[in-house]
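> let's see this in three dimensions:
(4 chains)
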There are 2 protein chains.
Amino acid sequence: MLIIYPAMDTNPGYLLADNSRLLRRAFDERVREAGVTAPQARLLLNLERHPGRNQAFYAERLEIEPITLCRMVDRMEEAGLVERRADPDDRRARLLHLTVRSRGKIARIRAALDGLIETMLAGFDAEEEAVFMAMLERVSTNLSAPSKELAANG
Amino acid sequence: MLIIYPAMDTNPGYLLADNSRLLRRAFDERVREAGVTAPQARLLLNLERHPGRNQAFYAERLEIEPITLCRMVDRMEEAGLVERRADPDDRRARLLHLTVRSRGKIARIRAALDGLIETMLAGFDAEEEAVFMAMLERVSTNLSAPSKELAANG
DNA sequence: TTGAGTATATAAGCATGCTTATTATATACC
DNA sequence: GGTATATAATAAGCATGCTTATATACTCAA
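The predicted model follows:
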């Protein structure tokens, strides 16, 4: 029972992508005053929650490729936002830690994130919020599963 | 009446961003067989629907900066996917058109997009789909409006 | 214990997005 | 008509993401 959307800008895929763009921009604007970009802010929040893990761990948390994280960490290390330490148990690995400098930004980043969620869901009551989240989770599941078509074509 | 989300990966902002990432990847995979990237596919669909406009027009349609579109068009022109023509009424402007080569890709791109929307909303009935879209539109409005906080802080 | 396979980090090169700045052309106002 | 402002396109330089490839180190099995 799928509704067909002839115009690109009136279909749910476009709406979803559009929302995400707006969300990314808004988050970026809000964390910029803390002197970090949005992906950097996400890494810092993860570093606070799970400190001292190797780069592969954070790449998986952020759902980006290890090389992408590696280069992000290069820049952040140079900016004094992240510290790489040797792993005593694995000479390949580098364990990541917050620095004094980045620890001081966490509160501002968290406030930016909280404010953003509040803005995003303005006018939603608790029930609507729950419905919205449940639907997002269903879409996430749908998109994560290898689709029938792709399996058939590939 | 805002629910507080302590962990980053259980809040609606994360869910929305996550869905969008999945959507972008899925779209990218599907149009790759047509030999274009996701943003290039979006431009081609816009070129089919609104041919012969200047670059600023398409930048606004895709909600990207003119310079971003300019460089995308550089690559696509070189690949024979877009044609730049002089505007007889404005010597600054370049009007964009599909080529024979890119025209042949439109059907595949449209099929990829339709299949993706179908996959994304698998299991949604028409009513749920309508509710989901309405909520996405509300979020879009919330994120587009300059927030109270930003206005107050700025 | 060696040898194959796997895991970690990184390099190279590309596409997409941004901000800021520049050039050329249009337009509008005095 | 001439200046001041706008707009269109593009350049420079950066951050983030990818694919593909490589060096090093670890692990497991023969």
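> and the angle from the longest helix along chain A to helix B:12-32?
Using DSSP state H to define each element, chain A has its longest helix at helix A:12-32. Calculated by axes from the mean of the first three to the mean of the last three Cα atoms, to 10 degrees, helix A:12-32 forms an angle of 130 degrees with helix B:12-32.
> using neighbour counts, pick out the buried residues of helix A:12-32.
Using 16 or more other Cβ atoms under 10 Å in any protein chain shown as the test for burial, helix A:12-32 gives A:12-20, A:22-24, A:26-27, A:30-31. Where C-beta positions appear, they are placed from N, C-alpha and C, glycine not excepted.
> pick the one among the residues you listed closest to residue A:139.
Within those, proximity to residue A:139 (Cβ to Cβ) peaks at residue A:16, which comes in at 7.4 Å.
> these two touch, right, the closest one and residue B:20?
Yes. Residue A:16 lies in contact with residue B:20 (Cβ atoms under 8 Å); the separation is 5.9 Å.
> got phi/psi on residue A:134?
Here is the backbone geometry of residue A:134 (degrees, to the nearest 10): phi -60, psi -40.
> the longest helix of chain A vs chain B: in contact?
Yes. Using Cβ under 8 Å from any Cβ of the partner chain, helix A:12-32 reaches chain B at A:12-13, A:15-24, A:26-27, A:29-30.
> top strand in chain A by residue count?
strand A:90-98 (DSSP state E).
> which stretches of chain A have low pLDDT?
Along chain A, the parts satisfying pLDDT under 70 run over A:1-10, A:145-154.
> make it 90
By pLDDT under 90, the low-scoring segments of chain A are A:1-34, A:112-120, A:137, A:139-154.
> can you tell me which residues in it are near DNA strand D?
A:37, A:39-40, A:62-65, A:67-68, A:71-72, A:75, A:90-92 (Cβ under 7 Å from any atom of the strand).
> mind checking which of these are in helices?
Short answer: those in helices (DSSP H) are A:39-40, A:62, A:67-68, A:71-72, A:75.
> only alpha carbons, please: show stretch A:105-125 as PDB.
C-alpha atoms of stretch A:105-125 as PDB (Å, rounded to 0.1, in the frame of the first residue of the first chain):
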ATOM      1  CA  LYS A 105      33.700  21.600  26.200                       C
ATOM      2  CA  ILE A 106      31.600  18.700  27.100                       C
ATOM      3  CA  ALA A 107      29.000  20.600  29.100                       C
ATOM      4  CA  ARG A 108      28.400  23.100  26.300                       C
ATOM      5  CA  ILE A 109      28.100  20.300  23.800                       C
ATOM      6  CA  ARG A 110      25.700  18.400  25.900                       C
ATOM      7  CA  ALA A 111      23.600  21.600  26.400                       C
ATOM      8  CA  ALA A 112      23.600  22.200  22.600                       C
ATOM      9  CA  LEU A 113      22.400  18.700  22.000                       C
ATOM     10  CA  ASP A 114      19.700  18.900  24.600                       C
ATOM     11  CA  GLY A 115      18.500  22.200  23.300                       C
ATOM     12  CA  LEU A 116      18.500  20.900  19.800                       C
ATOM     13  CA  ILE A 117      16.300  17.900  20.600                       C
ATOM     14  CA  GLU A 118      13.900  20.200  22.400                       C
ATOM     15  CA  THR A 119      13.700  22.500  19.400                       C
ATOM     16  CA  MET A 120      13.300  19.700  17.000                       C
ATOM     17  CA  LEU A 121      10.300  18.200  18.900                       C
ATOM     18  CA  ALA A 122       8.700  21.400  19.900                       C
ATOM     19  CA  GLY A 123       4.900  20.900  20.000                       C
ATOM     20  CA  PHE A 124       5.200  17.100  20.300                       C
ATOM     21  CA  ASP A 125       3.500  15.600  23.400                       C
END
